[in-house]
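A.B. asks: Predicted model and sequence follow; I will ask about them next.
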Amino acid sequence: MPASDLLPAAVLPRLTAPRLGRPYELVASCGSTNDELATRALAGAAEGLLVAAEEQTGGRGRRGRDWHSPAGENLYCSLLLRPALLARLAAPLTLLAGAALAQALASLGFSPRLKWPNDVLLDTPNGLRKVAGILTEMASEGERVRHVIVGVGVNVNTRDFPGPLTPIATSLRLVCGIAVDRGALLAGFINAFGPIYDGFLAAGPGAGLREWKRHAVLGQPCWVKREDGRSEGTAVDVDDSGALLLRTDHGETVTVHAGEVNWLVPTA
């Protein structure tokens with residue numbers, strides 16, 4: 001493997017979180033870092049293990065969508081968590097990871113926006129475009145969490161996207177005009193997520209969700225496709241479970257636990 005800004009020597013000295021991100025492994029290629037980490041989790045790996053890949057041959061996002069994962073350009077990583085939680089309380093972790101990634105991007109000079117539940121956006125001359133996504137996958141034993149895998153994909157240095165992605169995706173490099181250090185971004189994400197995660201375990205998701213809201217696209221008319229139909233209204237907030245709160249034209253509040261947001265008007 002050629003010299004890389006994701007090598008352990010480039011990442012580990014930057015980590016300040018007391019246990020997350022250790023051990024850290026960089027692989028040249030894998031199907032997906034979430035699947036790679038799931039294998040290690042089932043074999044008994046401890047909380048904090050972090051796996052990154054130079055390339056994913058089967059990278060995926062929510063709802064089984066493919067994630068564009070060319071070699072040597074972007075950040076594909078997964079973090080293993082073993083929170084002592086009831087499974088029904090783990091849902092906010094996706095938003096908390098998004099808050100941490102937004103913090104890391106802001107520290108590098110970007111102005112990220114968070115779209116519920118798992119998208120990170122950046123402003124471009126053509127409006128907001130997706131730059132990153134979070135894929136959180138949980139395994140449970142009875143009512144309790146066995147492990148949670150937090151997968152992160154960030155378009156860092158890609159300059160060209162396949163045709164269908166061109167109108168909806170961007171990269172850090174396309175926005176700022178220069179190459180971005182992936183190791184600095186990875187360490188920044190882990191360092192931001194550590195305190196948010198510890199706060200969640202100690203006192204609930206409140207502080208982390210406030211950070212998420214600080215970067216969130218809220219107040220926008222939208223509709224949400226759900227398995228049981230469609231809900232339409234204005235996205236006004238999220239609750240402590242991580243659910244999106246929509247206010248309808250009739251003044252009712254609808255709680256959406258799962259689905260995909262589609263804006264009714266362009267976002268600024």
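C.D. replies: Arrived safely, thanks for sending.

A.B. asks: And the strands in the stretch 1-150 of the chain?
C.D. replies: With DSSP state E, counting those that start in this stretch as the criterion, the stretch 1-150 of the chain has strands at 24-27, 50-53, 75-81, 113-115, 119-124, 127-141, 144-154.

A.B. asks: Export the ones you listed as CSV, with columns for mean neighbour count.
C.D. replies: Heads up, the C-betas are built off the backbone N, CA and C, glycines and all. Below are the strands of the stretch 1-150 of the chain laid out as CSV (neighbours: other CB atoms under 10 Å):
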stretch, mean neighbour count
strand 24-27, 18
strand 50-53, 25
strand 75-81, 25
strand 113-115, 22
strand 119-124, 19
strand 127-141, 19
strand 144-154, 23
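
A.B. asks: Out of these, the one nearest residue 201 is which?
C.D. replies: Across the strands of the stretch 1-150 of the chain, residue 201 has its closest neighbour in strand 75-81 (9.6 Å, CB to CB).

A.B. asks: Can you give the strand pairings for that closest one, parallel or anti for each?
C.D. replies: strand 50-53 (antiparallel), strand 144-154 (antiparallel) (DSSP bridges).

A.B. asks: what about that strand, average pLDDT?
C.D. replies: Per-region confidence: strand 75-81 scores 98 on mean pLDDT.

A.B. asks: What of stretch 186-202?
C.D. replies: 98.

A.B. asks: and that stretch, which residues are buried?
C.D. replies: 186-197, 199-200 (16 or more other CB atoms under 10 Å).

A.B. asks: As TSV, the strands of the stretch 1-150 of the chain with distance to residue 164 would be great.
C.D. replies: Shown next, in TSV, are the strands of the stretch 1-150 of the chain (distance: least, CB to CB, whole Å):
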stretch	distance to residue 164
strand 24-27	27
strand 50-53	23
strand 75-81	20
strand 113-115	19
strand 119-124	16
strand 127-141	12
strand 144-154	16
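
A.B. asks: Of all those, which one is nearest residue 244?
C.D. replies: It's strand 113-115; of those, that one is closest to residue 244 (CB to CB) at 10.2 Å.

A.B. asks: Tell me the gap between that closest one and the middle of its chain.
C.D. replies: The chain centre lies 10 Å from the centre of strand 113-115; the measure is CA atoms, centre = their mean, to the nearest Å.

A.B. asks: Make JSON lines out of the strands paired with strand 75-81 and add mean pLDDT and distance to residue 15.
C.D. replies: Below are these laid out as JSON lines (pLDDT from 0 to 100; distance: least, CB to CB, whole Å):
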{"stretch": "strand 50-53", "mean pLDDT": "98", "distance to residue 15": "9"}
{"stretch": "strand 144-154", "mean pLDDT": "97", "distance to residue 15": "15"}
